[in-house]
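Visitor: this one's sequence-less:
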């Protein structure tokens with residue numbers, strides 16, 4: 001595995017975890033960085049992946065609540 005690929009993967013995993021547990025810290029880090037470094041590219045994409053998964057989870061929960069509401073209305 002190439003060094004850049006390892007840096008990217010490490011950054012991606014770090015970004016994902018920081019987005020989950022320390023989102024404000026991660027946002028501060030990424031806001032001030034203009035580097036084209038593989039690690040920071042991974043860090044940013046890890047944050048994006050976490051946020052994407054959270055959005056999908058929230059949408060799925062909303063769909064389930066809507067379905068339950070519709071089913072409850074049909075029973076009445």
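Guide: Looks like it arrived, so ask away. Computed from a prediction, not measured in an experiment: that's the story for all the values here.

Visitor: does residue 30 count as helix, strand or coil?
Guide: Classification of residue 30 using DSSP: H, G, I helix; E, B strand; the rest coil returns helix.

Visitor: please name the nearest non-neighbouring residue to it.
Guide: Nearest residue to residue 30 in three dimensions, chain neighbours excluded: residue 44, at 5.7 Å (Cβ to Cβ, 6 or more residues apart in numbering). Where C-beta positions appear, they are placed from N, C-alpha and C, glycine not excepted.

Visitor: okay, the one you found and residue 24: tell me how far apart.
Guide: 15 Å (Cβ to Cβ, to the nearest Å).

Visitor: more neighbours, the two?
Guide: residue 44 (18 against 8; other Cβ atoms under 10 Å).

Visitor: which element is that one on?
Guide: helix 38-75 (DSSP states H and E).

Visitor: buried sites along that helix?
Guide: 38-44, 46-47, 50 (16 or more other Cβ atoms under 10 Å).

Visitor: could you check how far the residue nearest the centre of the chain is from residue 73?
Guide: Closest to where the C-alpha atoms of the chain average out (Cα atoms, centre = their mean) is residue 50, at 1.3 Å. Going from residue 50 to residue 73 by Cβ to Cβ gives 35 Å.

Visitor: do the same with residue 29
Guide: Distance from residue 29 to residue 73, by Cβ to Cβ: 47 Å.

Visitor: low-confidence ranges in the protein?
Guide: Across the chain, the ranges flagged by pLDDT under 70 are 76.

Visitor: picking up where we left off before, the nearest residue to the residue nearest to the centre of the chain once chain neighbours are set aside sits in which helix or strand?
Guide: Distance criterion Cβ to Cβ, 6+ apart; nearest residue to residue 50, sequence neighbours excluded, is residue 19 at 3.8 Å. Residue 19 is part of helix 3-21 when elements are defined by DSSP H and E.
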